[in-house]
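In: Compute the structure for the input listed below.
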Amino acid sequence: MVRLLTEEAIYKESDASEEAFINCDGVVKIYKTTDIEVMALQGLELTINRGEIMAVIGKSGSGKSTLMNIIGGLEKPSAGKVTVGGVSLSDMSKKEMVRYRKKTIGFVWQKSERNLFKYLTSIENVEAPMNFSGMSAKEKRKRAEELLEMVGMSHKAFSYPAEMSGGEQQRVAIATALANSPDILLADEPTGAVDTKTSNMIQDLFRRLNRELGITIIIVTHDLKLAGKVDRVVMISDGKISTEKIMKDKYRAEIDKMGEDGFGDDSHEEYSVLDKAHRVQFSEDMLEAAGIDSNKVKITVEDGKIVVVGENAK
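Out: Numbering: from 1, shown residues only. As a prediction, this is how the structure comes out:
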């Protein structure tokens with residue numbers, strides 16, 4: 001049996017105590033070419049509270065990277081509304097959007113060449129986003145040194161990217177993303193190009209930064225181990241939120257004791273999410289497990305519970 005909650009109830013259960021920081025309301029994104037239109041997001045609804053650390057997962061083409069790009073101000077939705085701190089991204093001018101990306105968002109990409117300038121040392125890369133901040137050279141250097149120490153890369157301050165491992169480059173990339181003290185850190189497959197040990201190290205680093213800085217962290221990933229180490233996991237399917245997993249309180253309190261494999265499936269409670277029209281999306285795994293193989297189902301209410309069965313069920 002599938003447990004259904006509205007988004008409001010989900011966030012109440014996850015002890016959200018303030019109005020949503022990021023709100024995606026009926027977001028649609030259509031990519032057009034001469035011969036075809038592709039709908040990457042289909043009325044997606046999602047709220048994210050300030051200071052959350054969460055993962056967005058889904059198959060290739062599900063819309064997860066599109067969602068990240070919209071929140072990051074790299075693209076605008078075709079329809080619907082995205083607000084951050086109560087401000088609509090669609091209403092921003094180009095100049096305001098540039099300022100938003102510089103001041104509010106920090107990006108960490110999977111490929112190091114998108115994160116770091118190969119001709120700059122680690123400390124110079126971290127200083128680069130601060131070049132138009134009005135800070136003095138001394139202030140920038142001090143800030144860069146603090147950030148490199150925070151991510152455990154002080155010993156590579158004067159090394160170039162080519163002189164570092166993939167994991168070291170990613171940690172410098174995280175420091176660079178934090179240079180302008182953003183409110184939101186967006187990470188796109190941050191552990192996709194590193195080994196398991198390094199991936200685990202980066203996962204723990206994200207968790208520590210979230211606690212120490214209070215920064216909102218959104219991680220787009222295929223890495224289910226990483227997803228298992230965050231408080232909340234959102235599954236996107238066909239451009240909409242299909243399910244959410246919320247970490248249980250008893251596990252959240254012991255997060256730092258987790259090994260490389262996390263706590264396993266029992267650590268999170270899984271919910272299917274009702275949208276504003278009271279629609280719910282079932283995953284293929286759910287339908288297969290329930291023996292539903294057609295587009296028609298019977299829905300009844302029994303003892304206060306909604307029961308969904310296939311049309312041929314007896």
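
In: how far does stretch 107-122 stretch from start to finish?
Out: Distance between the two ends of stretch 107-122: 16 Å, counting by C-alpha to C-alpha, to the nearest Å.

In: which parts of it are buried?
Out: Counting neighbours by 16 or more other C-beta atoms under 10 Å, one finds that the buried residues in stretch 107-122 are 107-110, 112, 115-116, 121-122. Bear in mind the C-beta positions are built from the backbone N, C-alpha and C, glycine included.

In: Just the element for the closest residue to residue 62 other than its chain neighbours, please.
Out: Residue nearest to residue 62 in three dimensions, not counting chain neighbours: residue 236, with 4.6 Å by C-beta to C-beta, 6 or more residues apart in numbering. Assigned by DSSP states H and E, residue 236 falls within strand 232-237.

In: can you list the residues that contact the helix or strand just after that strand?
Out: Heading C-terminal from strand 232-237, the first helix or strand you meet, by DSSP H and E, is strand 240-247. Residues from elsewhere that reach strand 240-247 (C-beta atoms under 8 Å, 6 or more residues apart in numbering): 10, 13-14, 41-46, 63, 227, 230-236, 255, 267-273, 275, 281-283.

In: Of these, grab the buried ones for PyMOL.
Out: Isolation of the buried members of the contacts of strand 240-247 (16+ other C-beta under 10 Å) is achieved in PyMOL through the command below:
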select buried, resi 10+14+41+43+44+45+46+63+227+230+231+232+233+234+235+236+255+267+268+271+272+273+275+281+282
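
In: circling back to that earlier point, gap between the strand holding residue 236 and the chain center?
Out: How far strand 232-237 lies from its chain's middle: 9 Å, per C-alpha atoms, centre = their mean, to the nearest Å.

In: same deal with stretch 119-139?
Out: With C-alpha atoms, centre = their mean, you get 27 Å for stretch 119-139.

In: buried sites along that stretch?
Out: 121-130, 133.

In: just curious, which of these is nearest to residue 295?
Out: residue 129 (49.7 Å; C-beta to C-beta).

In: Please look at that closest one and residue 176 and confirm they touch.
Out: Yes: if you go by C-beta atoms under 8 Å, residue 129 and residue 176 touch, sitting 6.4 Å apart.

In: circling back: can I get the buried residues of stretch 119-139 in JSON lines with distance to residue 189, secondary structure and pLDDT?
Out: As requested, the buried residues of stretch 119-139 are exported to JSON lines (distance: C-beta to C-beta, whole Å; DSSP: H, G, I helix; E, B strand; the rest coil; pLDDT from 0 to 100):
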{"residue": "121", "distance to residue 189": "25", "secondary structure": "coil", "pLDDT": "97"}
{"residue": "122", "distance to residue 189": "21", "secondary structure": "helix", "pLDDT": "97"}
{"residue": "123", "distance to residue 189": "26", "secondary structure": "helix", "pLDDT": "97"}
{"residue": "124", "distance to residue 189": "25", "secondary structure": "helix", "pLDDT": "97"}
{"residue": "125", "distance to residue 189": "20", "secondary structure": "helix", "pLDDT": "97"}
{"residue": "126", "distance to residue 189": "21", "secondary structure": "helix", "pLDDT": "97"}
{"residue": "127", "distance to residue 189": "26", "secondary structure": "helix", "pLDDT": "97"}
{"residue": "128", "distance to residue 189": "22", "secondary structure": "helix", "pLDDT": "95"}
{"residue": "129", "distance to residue 189": "21", "secondary structure": "helix", "pLDDT": "94"}
{"residue": "130", "distance to residue 189": "26", "secondary structure": "helix", "pLDDT": "94"}
{"residue": "133", "distance to residue 189": "28", "secondary structure": "coil", "pLDDT": "85"}
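
In: of all those residues, which comes closest to residue 32?
Out: Distance ranking of the buried residues of stretch 119-139 against residue 32, using C-beta to C-beta, places residue 129 first at 32.8 Å.

In: For that closest one, which non-adjacent residue is spatially closest?
Out: That would be residue 179: by C-beta to C-beta, 6+ apart, it lies 4.1 Å from residue 129.

In: Phi first, then psi, for residue 308.
Out: In terms of degrees, to the nearest 10, the main-chain angles of residue 308 are phi -120, psi 120.

In: how close does it sit to residue 290?
Out: Between residue 308 and residue 290 the computed distance is 7 Å (C-beta to C-beta, to the nearest Å).

In: tally of neighbours for residue 241?
Out: Using other C-beta atoms under 10 Å, residue 241 has 23 other residues around it.

In: residue ranges with poor pLDDT in the stretch 1-150 of the chain?
Out: 1-18 (pLDDT under 70).

In: in it, which spans are helices?
Out: Ranges of helices within the stretch 1-150 of the chain are 7-13, 64-71, 94-103, 112-115, 122-127, 137-150, based on DSSP state H, counting those that start in this stretch.

In: Outside of the fifth one itself, list whatever touches it.
Out: This means helix 122-127. The contact list for helix 122-127 (C-beta under 8 Å, 6+ apart) reads 116-117, 140-141, 143-145, 147-148, 153, 156-161, 164, 172, 175-176, 179.
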